[in-house]
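Novice: Turn this into a structure:
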Amino acid sequence: MGPTRKRMSTSSRVTMTLLDSSSMTVRTTRSSLTQIRQQWLLRADQERHAREKARHMQELLAEAQLEAGRENIDSVDFGENTFDTSDYVDVPDDDDTDEPVGGPLLSEFFKTFSQERQPGVYRRVDVRTRAQRHQRAYNAWKDQMPTLVDAYLAWKHNAPSDDGNTVVPNIFHVDIVGIADFERAVAIQQHTDELANTALLRVGLIGCSPLQPSIAIRIECLELYHQLRRRQSSLSIQAITKVLCALHNVTYFRQRREQFSNAFDIYLQILGQVRSRVNRLLGRDPDQWQLNGACPSSRLHAMDGNFSAKRLDSSGSADPRIFRSRYFISEAQVDQFKADVQRHSGGRSVADSTTGACTENWTAAKSFEENKITVFDQTGIFLLACRHGIIEVVSEMKRSGELAKYGLAIVDRLLDVCGADQAIGHDIACSSRKTIASSSIGAKAAELKLQVVVNAFHGFSHDRRCQLRNHPLYLNGLGLEDLETCERIFASSNSAAWDVDRYTELSAFLYNNYVQALQIIKTNMPLLDEFKRVQNITDLDFVNWQNEEYEYLSQVAVEPASDAVAVAYVEQLEKLRFAEENYGNATSIPFLTYTPANFTNTSGLNSNARNTSKAFETDYASVLRKYELQLNVVENFEQRHGIRERWTPHHPDYVKAAQYSQERQFIRLVEELEGLVVRRLFEMSKANLAGTGYKMRKYISKAITRRSAAIRTALDRYNKLVPLQDPPRPILDYSEVVGYACLGEFSLLKHSRHQILTKPWSVSANCEMAAKYFKLVRSHEEIVRLNVEIKCLQSWVEHEDRSILNAIDSLLADDAEALLVAELKEFHAKRHCINTNYRKHLQKIYALEGYTGERVQTIVHSTVPDGDKDDGQDDEVNEEAVRLEDLVSHLTL
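Specialist: Residues are numbered from 1 along each chain as shown. As a prediction, this is how the structure comes out:
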């Protein structure tokens, strides 16, 4: 057995000389190997934790720089920490490929606190998606939003600071962008436990990043863009960023637009939070205020869809957040009515089953193009507005046309909030009324006495019978309101501050309508009195004429079943007669004649003779087959309808049905001509509509030219059939047809075989005076309605001033230093200015000759300089409103 190996001792001690890296001193120690190993493991663990902490700090700072802008990634100052860069990849900066010609890559605009790439600093590759970055940034902003709102209010209202004598523990530097000034590396004082953006807001700045902002934008600059965009929504963030770049003589980059967009989004969120706090103090429910409080006095509304506000399917995919608004109803609320109509109408939509000419004449009832639905996520919007022009509810149309579910969701919201006795104007009201009645809200709509009527201008595209029951001119209680509010909104949709302008002009709206109603009464009353005296009629006769016309058109609107059967039978007999004549012609030749030249020496008939014989046999077989087939059709028709004796061309029923069939062709031709004239009327109105672009005007002009040629062709066919009618219809020329303003004139042409021209309501002069009579009646109703709305507005003015002042007093009693006190005072100043303008217009209304309402004397405190006495009217919108009113008046008369 060999010698035993000695074990090495683990307790032996060694002497070591070490260099301390922190103090740079030499020290000598004596330790065992076990202690040395334990110390080494402990130091390695501490270094590992330090690296992880440093890496986490690096990620946060790099993330902040990513949010601030791509060009700032390389300029992050990580202090004196030493990082282990083994987990990072040195990615070369590819911004050099995007360097614009004629300008420096690094400019004075939006620079961070460090400009030059430091040797040995690596850029981290961000593996997160854009959606993840947005979500991280959103969460960071959300956590500090209450503090930011308080800081904004303190800055806005110059709240005194209680820490003026305290020592500021931290100072950081940012570049500041203003409207006309740009400052680099401005020192910002940051107190203990204070967020960086809170420190910025104390001095009127908003940072572009939630964590470590290096760029800040002045609130005045953001507010300027806010107001510009409210008046002209087409002014994009990219445009305003390029303007700032031009003002500061720097080069534009996409990152600068993103930085401005981030700051602007936060600014809008802060304004929204401030508005929410004010509304809570005033007791305004955000879910109902836009319907029952935004307009002080209105029970007349209009709803319609528009396909201009589209959004591509792929847009906004990196930001899943949903924009919250007091206007919009959610997609889930709309989808509650997705299959509502089908469930309550036996699986078929009433709107889709309507086959009348009303929905055919107007494109609202037509489906959206299928290829466009696949491209757009949002194909348009469907909105509800009061008659004064204030938008109340908006719904986004998703991947579809103007479906019934959008209107049902809006009507349901209106009934829940506003209650009974509401009226809605819609361009296809005759169809939508049936849709509502057959839906799940039909009983509620009937109980609350909801009235759905056709808009005045769109009403003239409806059938005459529909007009007599749905047009505002013939309906009691609607006054002179045309309910074309949505069309005016769509024409001026570039103005994002539409509601603010319409609310400001509310008193002017009432004043102008009152003057209009008084003028119509003054003009029409003498004419009607003279007409009634000459014709020896009364007001009741005008009403009776309307009822008689409606009853007559109801009778002739549906073709009697016996007439339809007779016409169909005659058509089949005509086909049988034609087939019989062809068969007789084919059998009239008893035999074929051949000569020796038609034969060959070996095979009989030559090829030409054989082909002729085969063609004759084929024609004979064809006409025989057609004759037998048509004979079977006629016999089957006679058996199904109980016709025992076949009609001959001289049979009385045959002659009568043939004449009626000829008139049906004439009626169809008149309907075709009617449709062409209606389309031309709409195209002409669109060509003169404010806000129509050059390309659209050019397209419409070409469409009008084509439509005019089609009208001339149809008119020529009409005039050829005129002499064949009994009694003969009038021969028309082009200028007369395109001047038709009312579809009732086409109804007179279609049904004159029923002696319609002998009716008093069919006489042109009587029709004109009847329209003036109903216009006069509506004017008196308008004055009654205006008297109510004027009183409501007068009460609202006093109530709003009083409620805001009471809220201020209540807030002062609880906390005299509350920041919302100053905000409420500013809100009161703005509303008081508007209310003062209201009081001026109300006094003008009270002074009108013919005013019949209650007069309230108020003290007007002028807050408008003497040099600015304008009513705040939008000239372009007013001009368009005047043109539309003139057109509607012409159509009515």
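Novice: and residue 147, how many neighbours?
Specialist: For residue 147, the count of nearby residues is 14 (other CB atoms under 10 Å). For every residue, glycine as well, the C-beta is placed using N, CA and C.
Novice: Excluding chain neighbours, what is closest to it?
Specialist: Leaving aside its sequence neighbours, residue 147 sits nearest to residue 198 (CB to CB, 6 or more residues apart in numbering; 5.4 Å).
Novice: just checking, what's the longest helix in the chain?
Specialist: When the chain is scanned for its longest helix (criterion: DSSP state H), the result is helix 764-814.
Novice: name the helices or strands packed onto the helix or strand that that helix is followed by?
Specialist: Counting by DSSP states H and E, the element after helix 764-814 in chain order, helix or strand, is helix 819-846. Other helices and strands packing on helix 819-846, by 3 or more CB pairs under 8 Å, 6 or more residues apart in numbering; DSSP states H and E, are helix 130-156, helix 254-281, helix 498-504, helix 506-535, helix 764-814.
Novice: I'd like the average pLDDT over the fourth one.
Specialist: So the one you mean is helix 506-535. Helix 506-535 comes out with an average pLDDT of 93.
Novice: Give me the below-cutoff pLDDT ranges for the stretch 451-600 of the chain.
Specialist: 459-461, 493-498, 555-560, 588-600 (pLDDT under 70).
Novice: thinking again about what came up before, quick one: which of the helices and strands packed on helix 819-846 has the weakest pLDDT on average?
Specialist: Among the helices and strands packed on helix 819-846, helix 498-504 has the lowest mean pLDDT, at a mean of 79.
Novice: Which parts of the stretch 201-350 of the chain are helices?
Specialist: 219-231, 237-247, 254-281, 289-292, 331-335, 340-344, 350-353 (DSSP state H, counting those that start in this stretch).
Novice: for the stretch 451-600 of the chain, same thing?
Specialist: Using DSSP H, counting those that start in this stretch, the helices of the stretch 451-600 of the chain run over 456-459, 464-470, 485-491, 498-504, 506-535, 539-557, 561-587.
Novice: Could you name the stretch from those helices that's closest to residue 255?
Specialist: Each of those has some distance to residue 255 by CB to CB; the shortest is helix 498-504, at 33.2 Å.
Novice: returning to what we had before: for the residue nearest to residue 147, helix, strand, or coil?
Specialist: Under DSSP: H, G, I helix; E, B strand; the rest coil, the three-state class of residue 198 is helix.
Novice: so it makes contact with residue 151?
Specialist: Yes - between residue 198 and residue 151 there is a contact at 4.8 Å, judged by CB atoms under 8 Å.
Novice: which residues touch the nearest residue to residue 413 once chain neighbours are set aside?
Specialist: Of all residues not flanking residue 413 in the chain, residue 393 sits nearest, at 5.6 Å (CB to CB, 6+ apart). Neighbour list for residue 393: 290-291, 327-329, 383-384, 410, 413-414 [criterion: CB atoms under 8 Å, 6 or more residues apart in numbering].
Novice: want to try CSV for the residues you listed, with neighbour count as columns?
Specialist: Formatted as CSV, the contacts of residue 393 follow (neighbours: other CB atoms under 10 Å):
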residue, neighbour count
290, 22
291, 22
327, 16
328, 16
329, 20
383, 25
384, 26
410, 24
413, 19
414, 22
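Novice: Return the helix or strand in this structure with minimum mean pLDDT.
Specialist: Lowest by mean pLDDT, DSSP states H and E among the helices and strands of the chain is helix 350-353, with a mean of 38.
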